[in-house]
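Student: What follows is a protein structure lacking sequence information:
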């Protein structure tokens, strides 16, 4: 816990180059592996029985991209349809989103498509959206064809990868791909903690307002 | 002296052990989750056996999982195996008939429960005094899913019916008639007084049994002739002989059922005896049960695995020997097979009870019969000798055998009298709840009554619904570290209870989190699904009224607003900090309250939390939330938004006893109207007096207090409150609350956050720690700014009288000083 926090807050070499922070949200049907993807990305771990997420969870992770340090503030949301009303509170103001589906379940892919639509309609106009077909390790039980998902991604201008939180396949890659695509000229702050705090407050006051009106 | 009460020949237990089948090759099921280990499946299935109570059956007590799929079964074990008698003492035909009757009674009981013994033999029939018998190890075939979960055959050579052999070594034939055959062989051995085909090798024995299939003369007669006992055979009374011959019928369809055998005239006279026993008006008071004895034995240091190790049933081999000799590139492993001969060990190890006897030796006899309703002066002196552990920490009390002895004896007695003894149960539960009886005590505290079982049976738990998919993906993620909840039986039961609850409460829907909420009840009532359901059904309206509505936002909003206000009331420093970093409860506390913390804590912590929660009202959880924040206070105060939210994404260790005690503390010192909600199910007088729209509630950082609470604060104990009147001095001079101070709002500059700004009364407020600061005014605007100012100045316990000064006028002229001009 403490290690992760300090690693996330004070990345090595943070004094050189730019530091960018991005709010990223994970969306998708429940039990497709959103929390597992985040856990793999942030802590390098995988829990077979990853418990369900109620409301949302928050984690951070920093990646280095050439001379830029990109810090992700990740909101991992609850998948159950009923928690949908909370979702805008988390994707409001997000610069990136990963919409996750389970390649062994066609319904979760349909749900992913509707999430993409909702984001395109209601989230920030410049949001970078990635589509992740998770549970690639179960490819022998595949119900969603790679080509089908890829075609959908291309049509909608999404990043697309099939991932596996279990084997770690493409997990870091999808976050890196998002980091590459995000504009690095804005929100450059110094390494101090105060700048981070300020920006988050802005982001969240917006989120709270959204939460109030949608409820 | 009184340990003699414990020394009962029937209160003995022993253990056997075997290995469950290991999963070969594929390790993942079709849902991508790892396959449930077979030992866990067995663990879940075997729980049902603990319910079996019959004088002719050994009671199952426990199932323990060891390393590498080892399973240990702990069961009552008393008396001497019937096999020990063969070739030695001879039973009379009357004795044999009595034994036969009891065997069939026991078999009938398990057959009614849809269980087939399949390994009945003289080894696992235990003889007690007066030729009473008990069957032992009768659940092996059932718990291993008809033998599918183990890789050894469940069969007793000689005793197995011919069709069992024909079914092959991996067969799982589960026709109850196989037990009838085995009973026939047992009786034949008893009558002939010798074990059959003892000198033969395994293969020859099987051949002997199979050879019985041929020929059409009496099988019993052929067996007798083969063993040179024809004369004995002839001397057997006809009715007994006939029963044995009926049992030894080659064709299962011609063999009678146990039920039919019991109707035989041979056993008629036992039935009448039995009935006279039953005519007793009431059963003698049970001193304690074997389950309790086993529980205390464990607390007193008894360790089944250790005993098995001592006796050589569990051997540890150096870890290097368990490494595979070769691993192929495709992942298959060679040279790691366990010796098949070690998979099942037929030995039974009796557990030594001397340690427990010694430990309990000094407990006086009257402690076994605690007085409940009358405590006379004379007897109360004797009570002083009773064990006093109340000062010890809860976790120690729960592990203290003697304390648990007294608690279990007393509370079981009280539970016998439920619902009439409910008040006494509550009073005792405030002290602590013995873990062994927690399920029953919770049910009593939650007011579970009547025919909850009938009610549960009536509910449709099977018809597929749209919610099923969600339930199915949530259950394999719900408290899966727990053996019971991760077993297939546990999954099945949890699903049924959830479906039943949704069916029964059609105004509500399944929200993720309902699974976590149900888990503690299922764990505690694993063998009584209906009770788990009844507990859940009574728990939700009390603590989570309307939380599971399709649109629950108003309920959650109000709850979280009250939570914020409670933080501001009890800990303004923390409240200010959290507000300044925008760390709102919406971001972290929804899973806390929606699941009453069952989503954030492991089961053992939930138990200690709910032990108290169940005794409180629906505002108690708010205090628990505050208490968690308080434990993490230093970290929170030193952290920004990110660190705070990270802290809660992975909640650090919380000391539960401390947490609960702190919650009780704030719970008892907070006026009830502070936490009263409109959306609670209990009728509360505060709700009528304080009807605050949710939108307004959200804006207010401080709580309101009802006029009733203020009046009682003023009247009962004037020292508990500081009444701050913020009206202008003219109004104050005209009429004011006795002992109140006047800080006219108009005199203060709010721009600078400094308590000195309030003037002469600032030191009184600054020193305040425990007193409740009730702000009384008449103008709404001031009633917002002033208390906010106080909170920003870190003044604790600030609240506003709801309705303003004027509400005091009609209700209580006595608390006011009126200066008529």
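Tutor: Noted; the coordinates are in hand. Just so it is clear, the model here is predicted, and its values are computed rather than measured.
Student: Please make it C-alpha for all contacts and neighbour counts, starting now.
Tutor: Will do.
Student: quick one: contacts for whatever residue of chain B ends up closest to chain A?
Tutor: At 4.7 Å from chain A, residue B:477 is the closest residue in chain B, using C-alpha to the nearest C-alpha. With contact taken as C-alpha atoms under 8 Å, 6 or more residues apart in numbering or on different chains, residue B:477 is in contact with A:49-52.
Student: What is the burial count for the residue lying closest to residue B:424 once chain neighbours are set aside?
Tutor: Leaving aside its chain neighbours, residue B:424 sits nearest to residue B:414 (7.3 Å; criterion: C-alpha to C-alpha, 6 or more residues apart in numbering or on different chains). Applying other C-alpha atoms under 10 Å in any protein chain shown, we find 20 residues neighbouring residue B:414.
Student: And the residue nearest the centre of chain B?
Tutor: For chain B, residue B:524 is the residue whose C-alpha lies nearest the centre (C-alpha atoms, centre = their mean; 1.4 Å).
Student: Hmm, it is touching residue B:439, no?
Tutor: Yes: Residue B:524 is within contact range of residue B:439, at 4.8 Å (criterion: C-alpha atoms under 8 Å).
Student: Which residues are in contact with residue 174?
Tutor: Unless you meant another one, I'm taking chain A. Residue A:174 touches A:130, A:132, A:160-161, counting by C-alpha under 8 Å, 6+ apart.
Student: my bad, the chain I had in mind was chain B
Tutor: B:116, B:118, B:146.
Student: After the strand or helix carrying residue B:270, heading C-terminal, what element do we hit next?
Tutor: Assigned by DSSP states H and E, residue B:270 belongs to helix B:268-278. Next along the chain after helix B:268-278, taking DSSP H and E as the criterion, comes helix B:290-299.
Student: What does residue A:97 show for phi and psi?
Tutor: phi -140, psi 140 (degrees, to the nearest 10).
Student: and it, what pLDDT?
Tutor: For residue A:97, the model assigns a pLDDT of 96.
Student: For it, name its beta-bridge partners.
Tutor: Note on residue A:97: beta-bridge partners by DSSP bridges are residue A:25, residue A:129.
Student: For it, list the residues it contacts.
Tutor: A:24-27, A:91, A:127-130.
Student: Save these as CSV, and put in pLDDT too.
Tutor: Shown next, in CSV, are these (pLDDT from 0 to 100):
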residue, pLDDT
A:24, 96
A:25, 96
A:26, 96
A:27, 96
A:91, 91
A:127, 94
A:128, 95
A:129, 96
A:130, 97
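Student: ok so, going back, shouldn't the residue nearest to residue B:424 be within a helix?
Tutor: Yes: counting by DSSP: H, G, I helix; E, B strand; the rest coil, one finds residue B:414 located in a helix.
Student: Please point out which parts of stretch B:395-414 sit buried.
Tutor: B:397-414 (16 or more other C-alpha atoms under 10 Å in any protein chain shown).
Student: Give me the mean pLDDT for it.
Tutor: pLDDT averaged over stretch B:395-414 gives 92.
Student: for stretch A:103-122, same thing?
Tutor: Per-residue scores along stretch A:103-122 average to 95.
Student: So what touches that stretch?
Tutor: With contact meaning C-alpha under 8 Å, 6+ apart, stretch A:103-122 is reached by A:27-29, A:32, A:91, A:99-102, A:129, A:131, A:133-136, A:138-139, A:141-145.
Student: which parts of the longest helix along chain B are buried?
Tutor: What stands out as the longest helix in chain B, according to DSSP state H, is helix B:93-112. For helix B:93-112, the neighbour count (16+ other C-alpha under 10 Å) marks B:96-111 as buried.
Student: With stretch B:782-793 instead?
Tutor: For stretch B:782-793, the neighbour count (16+ other C-alpha under 10 Å) marks B:782-783, B:786-793 as buried.
Student: just stretch A:170-187 next, same as before
Tutor: Neighbour-count burial for stretch A:170-187 flags A:170-172, A:174-176, A:178-179, A:182, A:184 (criterion: 16+ other C-alpha under 10 Å).
Student: In TSV: these, plus secondary structure and pLDDT.
Tutor: As requested, these are exported to TSV (DSSP: H, G, I helix; E, B strand; the rest coil; pLDDT from 0 to 100):
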residue	secondary structure	pLDDT
A:170	coil	96
A:171	helix	96
A:172	helix	95
A:174	helix	96
A:175	helix	95
A:176	helix	94
A:178	helix	95
A:179	helix	93
A:182	coil	90
A:184	coil	77
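Student: What residues does residue B:149 make contact with?
Tutor: Neighbour list for residue B:149: B:20-21, B:38-39, B:42 [criterion: C-alpha under 8 Å, 6+ apart].
Student: now, the most widely separated pair of these?
Tutor: The distance between the two most remote of the contacts of residue B:149 (C-alpha to C-alpha) is 10.4 Å, for B:21 and B:42.
Student: who's more crowded, those two?
Tutor: Between residue B:21 and residue B:42, residue B:42 has the larger neighbour count (other C-alpha under 10 Å), namely 24 against 20.
Student: That one should be in a helix, yeah?
Tutor: Yes: counting by three-state DSSP, residue B:42 is located in a helix.
Student: which ones are touching it?
Tutor: For residue B:42, the contact set (C-alpha under 8 Å, 6+ apart) comprises B:143-145, B:149.
Student: re the thing from before, in helices only, show me the contacts of stretch A:103-122.
Tutor: residue A:91.
Student: For chain A, give me the ranges with low pLDDT.
Tutor: A:1-16, A:185-215 (pLDDT under 70).
Student: can you give me the helices for it?
Tutor: Secondary structure of chain A (DSSP H): helices located at A:2-9, A:34-43, A:87-91, A:106-122, A:146-156, A:171-181, A:193-214.
Student: now swap in the stretch 551-700 of chain B and tell me
Tutor: Assigned by DSSP state H, counting those that start in this stretch, the helices in the stretch 551-700 of chain B fall at B:553-570, B:572-580, B:590-594, B:603-613, B:620-631, B:633-637, B:641-649, B:656-669, B:672-675, B:685-689, B:694-699.
Student: and residue B:239, backbone torsions?
Tutor: Taking degrees, to the nearest 10, you get phi -60, psi -40 for the backbone angles of residue B:239.
Student: For it, grab the count of nearby residues.
Tutor: 14.
Student: same thing with residue B:328?
Tutor: Number of residues near residue B:328 (other C-alpha under 10 Å) recorded here: 8.
Student: Tell me which residues touch it, please.
Tutor: Going by C-alpha under 8 Å, 6+ apart, residue B:328 touches residue B:334.
Student: Look up phi and psi at it.
Tutor: Per-residue torsions, residue B:328: phi -80, psi 160 (degrees, to the nearest 10).
Student: Next: residue B:152.
Tutor: As for residue B:152, its main-chain torsions (degrees, to the nearest 10) stand at phi -120, psi 150.
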